[in-house]
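Student: Okay, predicted coordinates and the sequence, questions at the end:
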Amino acid sequence: MSSWRSSRRIWDISQTLRPGLPVWPGDTDFAFERTWKMEEGSPVNVGKMTMTTHSGTHADAPLHYAADGMDAAAMELDAFIGECLVVDARKVSGEIDVADLPDLESADRVLFRTWDAFPHDAWRSDWKPISAEAIEWLALQGVKLVGTDAPSVDPQESKTMAAHHAVAKHDMRILEGLVLDDVEEGRYELVALPLKVGGGDAGLTRAILRELRDA
Ligand SMILES: Nc1ccccc1C(=O)C[C@H](N)C(=O)O
Ligand SMILES: [Zn+2]
Ligand SMILES: [Zn+2]
């Protein structure tokens, strides 16, 4: 194995940004076009992308759920790098509540798998949201980041955004749109740095998990 390759397994837990990417009903579809083309004599190919800030796998910024919240560019990075616990919540019926949470022992970051198979090609509105009470409980256990393979921690029709507001109350961070189909429950190193978008209410991220270093 060449020297630069990590000997620790990496899981890519990110969606592919592409035309046809399922997005929140009514939001901006992902579009890609080439503005400079080698086949037209340009020395390089250069593209242009149009998308919603919440496309695919992303981190919400507090600005998304608080008018005076910080933007994606201002979010500190340490919440998005470090040990995490992946929890299989597929057997939970309805929303993920306190009774559905495992003994975390100690976890700064918790990622919930809710889909048997991630819906890459069709918008699904029947995801398992996370209750505000569960967010509160996680915060009291010291959890700084909550992640999910769902498009939101709240239900699609939510008007109260109770889970987001519980996150805001405890200054936690959120990852949404993760792809955890190939990830067993357990502890991993998470790396999921949000794009540094000035004014951004969310930051797209290439999220990965990596085997923890041997103790
Ligand atoms: N694109 C949207 C447009 C309008 C309302 C919500 C969304 C969302 O994507 C939900 C978001 N990911 C969330 O943080 O809950
Ligand atoms: Zn979001
Ligand atoms: Zn959100």
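Tutor: Alright, I've got the coordinates. It should be emphasised that the depicted structure is a prediction, and the values quoted were computed from it without experimental measurement. Ligands and ions are numbered 1, 2, ... in the order given.
Student: Please name the residues that touch the residue lying closest to Leu104 once chain neighbours are set aside.
Tutor: Nearest residue to Leu104, sequence neighbours excluded (CB to CB, 6 or more residues apart in numbering): Gln141, at 5.2 Å. (Each C-beta comes from the backbone N, C-alpha and C, glycine too.) Listed by CB atoms under 8 Å, 6 or more residues apart in numbering, the contact partners of Gln141 are Leu104, Ser106, Ala107.
Student: Please name the bridge partners of Ile10.
Tutor: Beta-bridge partners of Ile10, counted by DSSP bridges, are Arg210.
Student: Of the contacts of Gln141, keep whichever come out buried.
Tutor: Neighbour-count burial within those applies to Ala107; the criterion is 16 or more other CB atoms under 10 Å.
Student: okay, the contacts of Gln141 in CSV with pLDDT and secondary structure next?
Tutor: Shown next, in CSV, are the contacts of Gln141 (pLDDT from 0 to 100; DSSP: H, G, I helix; E, B strand; the rest coil):
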residue, pLDDT, secondary structure
Leu104, 88, coil
Ser106, 90, coil
Ala107, 95, coil
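Student: List just the nearest of the contacts of Gln141 to ligand 3.
Tutor: Ala107 (19.9 Å; CB to the ion).
Student: pretty sure the closest one is touching Val87, no?
Tutor: No - Ala107 is not in contact with Val87 according to CB atoms under 8 Å; the separation is 9.0 Å.
Student: Could you check how many residues crowd around Val167?
Tutor: Val167 is flanked by 27 other residues according to other CB atoms under 10 Å.
Student: which element is it on?
Tutor: helix 162-169 (DSSP states H and E).
Student: I'd like to know how far the residue of the chain positioned farthest from its centre sits from Arg34.
Tutor: Within the chain, the residue lying farthest from the chain centre (CA atoms, centre = their mean) is Gly41, at 39.3 Å. Gly41 is 13 Å from Arg34, where distance means CB to CB, to the nearest Å.
Student: give me phi/psi at the residue nearest to Leu104?
Tutor: The phi and psi torsions at Gln141 (degrees, to the nearest 10) take the values phi -90, psi 0.
Student: and what of Leu175?
Tutor: Torsion angles, degrees, to the nearest 10, at Leu175: phi -120, psi 130.
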